[in-house]
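S.K.: Fold the following.
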Amino acid sequence: MGLIFLTSDSPRCSECGIFMLSTSTFLVLAMQCAASVHPDTTHEVARVESGFNPYAIAEIIPKVKRKPGDKGVVSYFPESKEAALKIVKNIELRNHRYSVGLMQITSTNFAKFGTTAEKMFDPCENLKVSEKILVDCYKRGGDLVRGLSCYYSGNPETGVKPEPEFNNTSYVQRIGFSPPDNKKVLLFLL
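M.R.: Coordinates of the predicted model:
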């Protein structure tokens with residue numbers, strides 16, 4: 001691609017000390033690497049999923065190991081690909097599932113899309129896989145709300161249900177929709 005994604009002057013989360021992609025860099029990448037999904041859709045998914053951190057990791061804690069009140073996810077925000085890969089290795093040693101990168105691609109999807117955690121820390125590669133998932137989910141769901149639910153959970157229902165651990169909002173609401181009114185606003189297949 002030839003783009004420099006993270007530099008010393010890249011935006012930082014002042015509370016967490018992490019690098020994030022700028023909005024303009026993200027939108028350029030979205031248009032180049034996931035062109036069949038409207039950039040507003042990829043932007044909102046990345047905002048919710050990773051906060052635009054290309055090294056974000058979410059470890060999915062198995063239900064049998066969760067404590068009451070736990071969200072079931074442990075989030076990591078390493079500052080480098082090397083640090084991210086070390087975290088992934090430790091998660092794999094625990095035999096837990098995990099999601100990585102800008103669009104939080106889940107480890108159970110790696111084989112299906114012929115990829116690895118290491119490749120998913122490349123923003124463009126991550127966006128390419130997310131595009132395939134979003135387009136497939138949109139086609140199977142028939143509208144954007146069900147497509148986003150599928151992206152989140154693998155099915156068209158879970159992502160529209162309020163979740164107590166997220167202030168009783170659904171994933172689709174966190175993306176910015178109040179279902180069922182705005183079903184086809186942001187996803188345009190080109």
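S.K.: Quick one: the helices in the chain, in order.
M.R.: For the chain, the helices defined by DSSP state H occupy 23-33, 39-49, 81-93, 117-120, 123-141, 144-153, 171-175.
S.K.: Take these and lay them out in CSV including distance to residue 55, mean pLDDT and mean neighbour count.
M.R.: Where you see a C-beta, it was placed from the backbone N, CA and C, and this is true even at glycine. Listed next are the helices of the chain as CSV, based on distance: least, CB to CB, whole Å; pLDDT from 0 to 100; neighbours: other CB atoms under 10 Å:
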stretch, distance to residue 55, mean pLDDT, mean neighbour count
helix 23-33, 14, 93, 17
helix 39-49, 13, 95, 21
helix 81-93, 4, 97, 15
helix 117-120, 10, 98, 20
helix 123-141, 10, 97, 20
helix 144-153, 20, 95, 24
helix 171-175, 21, 95, 21
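S.K.: who wins for proximity to residue 71 among those helices?
M.R.: Evaluated with CB to CB, those place helix 171-175 nearest to residue 71, the distance being 12.8 Å.
S.K.: quick one on the thing from earlier: among the helices of the chain, which comes closest to residue 69?
M.R.: Residue 69 lies closest to helix 171-175 among the helices of the chain, at 19.3 Å (CB to CB).
S.K.: Provide the contact partners of the closest one at residue level.
M.R.: Outside of helix 171-175, the residues within contact range by CB atoms under 8 Å, 6 or more residues apart in numbering are 44-45, 48, 145, 148-149, 152-153, 158-160, 162-163, 166, 179.
S.K.: ok, now with 6 Å
M.R.: Residues outside helix 171-175 that contact it (CB atoms under 6 Å, 6 or more residues apart in numbering) are 44, 48, 145, 148, 152, 159-160, 179.
S.K.: related to what we said a few turns ago, reformat the helices of the chain as TSV; add distance to residue 104.
M.R.: Formatted as TSV, those follow (distance: least, CB to CB, whole Å):
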stretch	distance to residue 104
helix 23-33	14
helix 39-49	4
helix 81-93	13
helix 117-120	9
helix 123-141	8
helix 144-153	9
helix 171-175	11
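S.K.: Out of the ones you listed, the one nearest residue 59 is which?
M.R.: Judging the helices of the chain by CB to CB, what sits closest to residue 59 is helix 81-93, at 5.0 Å.
S.K.: and residue 103, how far is that from residue 49?
M.R.: Noted for residue 103: a distance of 6 Å to residue 49, by CB to CB, to the nearest Å.
S.K.: Would you confirm that residue 106 contacts residue 98?
M.R.: No. The pair residue 106 / residue 98 is not scored as a contact, 7.3 Å apart, by CB atoms under 6 Å.
S.K.: which one of those two has more residues nearby?
M.R.: The residue with more neighbours, out of residue 106 and residue 98, is residue 98; 22 against 15, by other CB atoms under 10 Å.
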